[in-house]
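Visitor: whatever this is, show me its structure:
(2 chains)
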Amino acid sequence: MIRSTFYGFGTGLSGMNAAQKALDVVGNNISNLNTPGYTRQRLDLYSAVAVSSLDRYTSRNSFAVGQGVDLGGVSQIRDPFLDVRFRREAANVGESDAQLGFLEDITGIFDEVQSKKIQSMLSDFKSQLEKYSLETGSAESDSIVRTSAESLTRMMNQLSKQLETVKEQQLDNVENAVININNILDKIGTLNQNIKESELFGNQALELKDQRNSLIDQLSSYMPIEVTYEPDPTTPSLNNVVIRVKGTSDSADPNSNVLVRNDEIGHLSFSKKANGDYNFSYGFNGAPEERMVFDGGSLKGFEDMLNSKGEFDTPPNTLRGIGYYQNMLDTMASEFAKDFNEANTAIIDGVAQGGPMFATSDGSAKITAGNISIAKGWSDGSYSLLTTKKSAIIPDADPTKPGIDSGNTDGKNDNINHMIRLLERSRDFLTTYPMSVVSGATGTYEGSNVTFKAADGSVIQFTQDDSTNAGTVTASKDASGVITVSLSTKGAGHSYSAKDINDALKAQGITASVELDKDITVTADGTTGMGPITAKDPTNAKVTVGGIDFESGTAGNVTTKIEVNATAGATEGVTINSDGSIKLTLDSGKTYTTNDINKLMKDAGVDIKATGIGNPVTDAGAPLAGGTGVVNIGTVKLMSGKFSEFAADIGNKASMETNSKTTVLTSHVTVLSGIEDLRDGISAVSLDEEGVDLMRYQKSYAAAARFMTTLDDILNTLINGMGI
Amino acid sequence: MRVSTNSLMRNYNSRLNQVLGNLNIANQKVITGRKFLTASESPVEAARAYQLRRSLQDNTNYLDNLENVNDMFASTESSLMNVSKMASSAYSTMLDAINGTKSLDERKIIAGELRGMQKSMVLSLNSKFNDKFLFGGSSTKNDNGEPVPFELKDGKLLYRGIDVTDPDAQNALKELADEKIYVDLGFGLNEDANGIVDNSAYNIANAGISYLGFGTDHRDNLILNLGEMADLLEAETIDPEAIKECTDRLEDQKLRVLRGVTTLGTETQFLKTTKTMLEDNEYNLKNKIANVEQIDMEAAIMAFKEADYVYKAALKMGSSILSPSFIDYMK
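Guide: From the prediction side, this is the model:
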């Protein structure tokens, strides 16, 4: 084989070129040592195939030598699997971090390790009562107790306000997060477009991809995401990035969980609902925004902490958000006020004595931690603490004779001791949860595991309709506020989910929704009407008293007696007796609907509803049968203990949750930083390595140059040195 | 595993931060002397601390009340002691009066003495402590013109405005003599349908009438009995039978007052024992609080020194690890 005279020069040149280019890459890597999200680059080198080695006329036993080095391109060194792991863990960190943010603020509010708050105030109130028990009759001591009580109410006001502030601050946080997320989505969309255009022109756009990866990493702490690459519909050789979020959307749009597809992006928003809950709404590429519940990430953490009330939720759960602490504080305030107001009121010798110690500062009927204050009568001196509930008149042994007035009894302190006892005794702190029930004209159940959440407390009725097409659900609301949901009974065995019913309600613009743990199955054939829908746990859930069907609660642990009294001309109303039983008084001369009775129940704050009324009530003028019955109310025991223990419990729960969440977060952060180390192990720049590369490519450049010199020497020998 | 320059720096940074954080906590513990600075740092111990603080506060309340009751009882005891002394003196005077042969004038002098004692007793029983009557039972003040506990008027003795010989008031007086005012001294204050359960709190009521006695007969009451005797002594002719009856009763009444004084002494002793118990409790609770909340200074300083050492070592390691790389050694 004959070798071209200048054959080796190309080889040498390619070596010098490659070394030069490689040094450029090393330079770029070193320059970007501290660039966030930078992925180290590498020059892809291949040895060049020997020219003509595959020529048709080349002799078979030729000694084909390669022609130097080929530059394949510059590529990034990245492990996609580590990206997936990183992003999954980032969502966990985000969720725990968001929850911890709330909890740290809350625990700080109740922390009395180094300061005096509600527990200390309560303790002081008790001390003052103890002192007062020896100083009854002294106006000065009364005012000391009042001052202490006032400090206690102010402390409750302040704690409640601080919880509000925490909520407001965290709301700001969420709003900023939403703005940031929309920004990120926007940037990713733009980057996708740029990357695609670059790739069309053969440019790999490595730096743009780094930027995109950084943004996706940021996004992953907000919500759990899944990144896939799908072929572009118009240019299948190019891949589009598709980012999806894991979560549940109310939307029927198949793209409802797509965040980004190429340059199409979605929009996230955050708003407060009529029931006081906060929701995220999301819509992709201009689609209407619908409620989205994320499976993880900081957005889920935020939503949980903002909306969840733990034991105060319907149904109760174990996730204690800010609402739990607010409700605990409110329970403390209202129970405290209730006990002491009752203690300070009495009728002695036919004269009303004393008066409520606590009232609301905003004039509302319900005492909460936010509005509890000293009652006006106590603070302006109209009445003072009732030291005794015993009469000064000592009855004579002979009841026909008048008693003897023992005169001034200012030393009596039985009622002060009773108040001390109120603080000493252990009691159950309970909360009941509303179990709304509905009535149907023909079918009756609404039941134990069905919650009907009409914002205005409206009653939802079900009717069947065999005139509409199979599967049709319609809804309407009449002038009196009763919502009627009509389910088609055409055909048999139709099943309706909560979504079917909610869609129908929504279509009519009715602000109500239902939640079902099981779909409603219509078993009737349309001629016999809708069959009963069976309650999962109907034990004691229903009772008929005086011709009225009452229903409430699931497997509640408190039984409540209902008494119905009906007499002609009586003023209708609901009263709650001291033993918790409920008395419904009706005028037997009037006609009542379930709605009338439910309104009376609702006004009295009773979570029991009437679901049907029999003839005795609906027939005007007919005598109404009285009677009693028992129903279950869903009740949750918050704790058993003294007031002071309850007050401590609020803070203790917060600090324990904070402590355990801190541990959880630390472990997530450790895992995340481990993954980050692994990822850096692949993708980040090492100065040692780059230094070695510098030397290596410098050497190879020098060697290639030396090769050229050698070739030159050979040519010199050939041209000038051969004997001519 | 491949180690990149940045991950080395990042890890160093985060560890240095962690070590500095530990140093900060160790430092704060030494400065504050506390085992934990926030409840979330040590929730179980914080809950325990809250509980102990409550118990200590309760104990302090009981001790305060007890001091108050103790002082009051000391005053009560000394006033009742006066009455007792006067009753004794009246008794010996009476024995003297009936044994000897006294002229009417002499008897009148003794009668005057007895009437003086009546007044003194009323004054003693109307004495106040801390601006409150000691012997009025639940009636402790007369700021608004209410009757004082005892008043001797027109030969009648009024207890809180009630004539002690009034036949219609005997039942009421019985109730008043047995009147109870409870104070919480940490005996587990409890209530039942009738009010405070007797042995769950301490009774501090002192109804003067219970020491003096009462009844429709004047002689049933110590003070009125003295008056009765004075009347008998002032009579032209002496009625030995009547005087003996009065004197016999006086002996009983004298003893009753003395029993009252003794009972008060026993109560004072009981209060002393209770005080010792509460003080022991206080000491124990303070000790427990110290154990739960306060740090062992030596251990804390050791921990601080250790954290400080670790931090300095980390700094030193940092300067030697981070600066050099291969590039520094290239020619």
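Visitor: for chain A, which residue occupies the most central location?
Guide: What sits nearest the mean C-alpha location of chain A, by C-alpha atoms, centre = their mean, is A:D304, with 1.8 Å.
Visitor: ah, wrong one, I meant chain B
Guide: Short answer for chain B (C-alpha atoms, centre = their mean): B:L66, at 1.5 Å.
Visitor: phi, psi of that one?
Guide: Backbone torsions of B:L66, given as degrees, to the nearest 10, read phi -60, psi -40.
Visitor: surely it meets B:T274?
Guide: Yes. Contact criterion C-beta atoms under 8 Å: B:L66 and B:T274 qualify, at 6.2 Å. Yep, even glycine has a C-beta here, placed from its N, CA and C like the rest.
Visitor: shared neighbours of the two, anything?
Guide: By C-beta atoms under 8 Å, 6 or more residues apart in numbering or on different chains, B:L66 and B:T274 have these common neighbours: B:L185.
Visitor: please report how far the residue nearest to the centre of chain B lies from B:K305.
Guide: 46 Å (C-beta to C-beta, to the nearest Å).
Visitor: cool, and B:K254?
Guide: Taken as C-beta to C-beta, the span from B:K254 to B:K305 is 76 Å.
Visitor: quick revisit: what residues are up against the residue nearest to the centre of chain B?
Guide: B:L185, B:L271, B:T274, B:K275, B:L278.
Visitor: among these, which are in reach of chain A?
Guide: Subset of the contacts of B:L66 in contact with chain A: empty, counting by C-beta under 8 Å from any C-beta of the partner chain.
Visitor: buried ones only from these, please, as a PyMOL command.
Guide: Here is the PyMOL selection string for the buried members of the contacts of B:L66, based on 16 or more other C-beta atoms under 10 Å in any protein chain shown:
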select buried, chain B and resi 185+271+274+275+278
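Visitor: pick the one among the contacts of B:L66 closest to chain A.
Guide: B:L185 (9.7 Å; C-beta to the nearest C-beta).
Visitor: that closest one against B:A201, yeah?
Guide: Yes. Counting by C-beta under 8 Å, B:L185 touches B:A201, with 7.0 Å between them.
Visitor: tell me who's in contact with A:S361.
Guide: A:N157, A:N371, A:I372, A:S373.
Visitor: spell out the secondary structure type for the last one.
Guide: In other words, A:S373. strand (DSSP: H, G, I helix; E, B strand; the rest coil).
Visitor: do you know how far the residue lying closest to it once chain neighbours are set aside is from chain B?
Guide: Residue nearest to A:S373 in three dimensions, not counting chain neighbours: A:S361, with 4.0 Å by C-beta to C-beta, 6 or more residues apart in numbering or on different chains. Separation of A:S361 from chain B (C-beta to the nearest C-beta, to the nearest Å): 28 Å.
Visitor: quickly note the distance from A:S361 to A:A149.
Guide: In terms of C-beta to C-beta, A:S361 sits 14 Å off from A:A149.
Visitor: again, but for B:V3
Guide: 65 Å.
Visitor: check contacts around whichever residue of the stretch 201-331 of chain B sits closest to chain A.
Guide: Of all residues in the stretch 201-331 of chain B, B:F326 sits closest to chain A, at 3.6 Å by C-beta to the nearest C-beta. Shown in contact with B:F326 (C-beta under 8 Å, 6+ apart): A:L687, A:D688, A:E689, A:G691, A:V692.
Visitor: drop anything exposed from those.
Guide: If we count by 16+ other C-beta under 10 Å, those have these buried: A:L687, A:D688, A:E689, A:G691.
Visitor: of the residues you listed, which are in range of chain B?
Guide: Answer for the buried ones among the contacts of B:F326 near chain B (C-beta under 8 Å from any C-beta): A:L687, A:D688, A:E689, A:G691.
Visitor: which residues does the first one contact?
Guide: Contact criterion C-beta under 8 Å, 6+ apart gives A:I30, A:L33, B:T5, B:S325, B:F326, B:I327 as the residues in contact with A:L687.
Visitor: correct me, but the fourth one touches A:E689?
Guide: No. B:S325 is beyond contact range of A:E689, at 9.4 Å (criterion: C-beta under 8 Å).
Visitor: re earlier: looking at B:V3 and A:A149, which is more packed in?
Guide: Per other C-beta atoms under 10 Å in any protein chain shown, whichever of B:V3 and A:A149 has more neighbours is A:A149, with 26 against 15.
Visitor: burial measure for B:Y283, as a count.
Guide: Residues near B:Y283, counting by other C-beta under 10 Å: 11.
Visitor: tell me which element it is part of?
Guide: helix B:240-293 (DSSP states H and E).
Visitor: next: A:D44.
Guide: strand A:41-47.
Visitor: so is the helix or strand following that strand next to chain B?
Guide: Per DSSP H and E, the first helix or strand lying C-terminal to strand A:41-47 is strand A:69-76. No. Strand A:69-76 stays clear of chain B (C-beta under 8 Å from any C-beta), getting no nearer than 14.1 Å.
Visitor: tell me the spacing between the residue of the stretch 51-200 of chain B found nearest chain A and A:I393.
Guide: Ranking the residues of the stretch 51-200 of chain B by distance to chain A (C-beta to the nearest C-beta) places B:A172 first, at 3.6 Å. From B:A172 over to A:I393 the distance is 9 Å, taken as C-beta to C-beta.
Visitor: one more: A:F294?
Guide: 70 Å.
Visitor: neighbour count winner among the two?
Guide: A:F294 (28 against 14).
Visitor: show me what contacts the more buried one?
Guide: A:F294 touches A:M223, A:P224, A:V245, A:K246, A:G247, A:F280, A:K300, A:E303, counting by C-beta under 8 Å, 6+ apart.
Visitor: still on that earlier bit, excluding its backbone neighbours, what's nearest the residue of the stretch 201-331 of chain B closest to chain A?
Guide: A:G691 is the one closest to B:F326 (C-beta to C-beta, 6+ apart), at 3.6 Å.
Visitor: how about the contacts made by the one you found?
Guide: Counting by C-beta under 8 Å, 6+ apart, A:G691 has contacts B:S325, B:F326, B:I327, B:M330.
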